[in-house]
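Q: Next one to model:
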Amino acid sequence: MTPTTHVRRTAIVTGAARGIGAAVARRLAGDGMAVGVIDLDEADCADTVEAITSVGGAALAVAADVADEAAVTAAVARIGDAFGPPTVLVNNAGIGPRADLVDMTTQQWDTVLGINLSGPFFAARAVCPHMVAAGWGPMVNMSSVSAVGDAGRVDYAGAKAGLIGFTKSLALQLGPHGVTANAIAPGFVVSDMTRASARRLGLSFEEFRYRAEQSITVGRVGLPDDIAHTASFLVSPGAGFVSGQVIYVAGGPVD
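A: Next up is the predicted model:
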């Protein structure tokens, strides 16, 4: 089953205050969806909401720590009350601090897995009944090329790899109900996270970006809109036969 074209769909995007999440939220609003914009601080979502509503779209900012089960459940309910049952979900919220294994604290490990892996679980579980009831609903989980290994970020890499297994399992379980699940694995994308990586290495962002470009097949780094374009396709009716896949948006092949 696919949604009828005259019914406005409700989408939820987590981590949508800035960067990739904000780009995805704006794109889905441009595709005609009402968008629930979830991030840790509601005030931080103001620019994303303004960008959507200023051109006639519908958006609602909701504060929630995605690692908090009750907060996610309440956020999904609030968005559903405002716009109708959500049937599109993009799990984008994530963090990626860096630490060697022997220096990594248990708290950091728990925090990274809580946000990057438990968060998508809480959101998917809260949204799933609405999708099953509608007989249609795409989920997109934001993984990373780091899922294949990332020195200095075993917590982040482990969570992003786990998210791929989670996505494929969702596709198998929910496919009979008309629900699809796919993962996007970005490469180097201009973001707060890559800017922080440059600072840790003692490089200007321009130098860090230039070095990255030398190893990317298409000769440039990614932009948030590159990821938003892919998310837009994966949540569209045209991607209804695409499920359980990992789409690498990295400017070239990924080993």
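Q: what ranges do the strands span in the stretch 51-200 of the chain?
A: 59-63, 86-91, 137-142, 179-186 (DSSP state E, counting those that start in this stretch).
Q: Would you convert those strands into CSV that also reports mean neighbour count, distance to S169 and mean pLDDT?
A: (Glycine included, C-beta is placed from N, CA and C.) CSV is the format used below for these (neighbours: other CB atoms under 10 Å; distance: least, CB to CB, whole Å; pLDDT from 0 to 100):
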stretch, mean neighbour count, distance to S169, mean pLDDT
strand 59-63, 22, 27, 98
strand 86-91, 29, 14, 98
strand 137-142, 27, 11, 98
strand 179-186, 25, 8, 98
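Q: Present those as a markdown table; the columns should include distance to M104.
A: Shown next, in a markdown table, are the strands of the stretch 51-200 of the chain (distance: least, CB to CB, whole Å):
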| stretch | distance to M104 |
| --- | --- |
| strand 59-63 | 28 |
| strand 86-91 | 24 |
| strand 137-142 | 22 |
| strand 179-186 | 23 |
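Q: can you pull the contacts of M131?
A: Going by CB atoms under 8 Å, 6 or more residues apart in numbering, M131 touches T87, L89, G137, M139, L174, H177, G178, V179.
Q: Wait, the last one touches C128, no?
A: Yes. Taking CB atoms under 8 Å as the contact criterion, V179 and C128 are neighbours in contact, 7.1 Å apart.
Q: and for the two, which residues touch both?
A: Common neighbours of V179 and C128, using CB under 8 Å, 6+ apart, are G137.
Q: By average pLDDT, which secondary structure element in this protein comes out worst?
A: Every helix and strand of the chain was ranked by mean pLDDT, DSSP states H and E. The lowest is helix 192-200, at a mean of 88.
Q: Just want the angle from that one to strand 179-186.
A: 30 degrees (axes from the mean of the first three to the mean of the last three CA atoms, to 10 degrees).
Q: Would you mind giving the domain segments of this protein?
A: 10-187+227-247, 190-221 (automatic domain parsing).
Q: closest to P253 out of the ones you listed?
A: Among the domains of the chain, domain 190-221 comes nearest to P253, with 7.1 Å by CB to CB.
Q: List the buried residues for the closest one?
A: By neighbour count on 16 or more other CB atoms under 10 Å, the buried set for domain 190-221 is V190, S191, M193, T194, S197, A198, F208, R209, A212, V221.
Q: any chance of those in CSV, plus distance to A93?
A: Formatted as CSV, the buried residues of domain 190-221 follow (distance: CB to CB, whole Å):
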residue, distance to A93
V190, 18
S191, 13
M193, 12
T194, 17
S197, 18
A198, 22
F208, 24
R209, 24
A212, 23
V221, 22
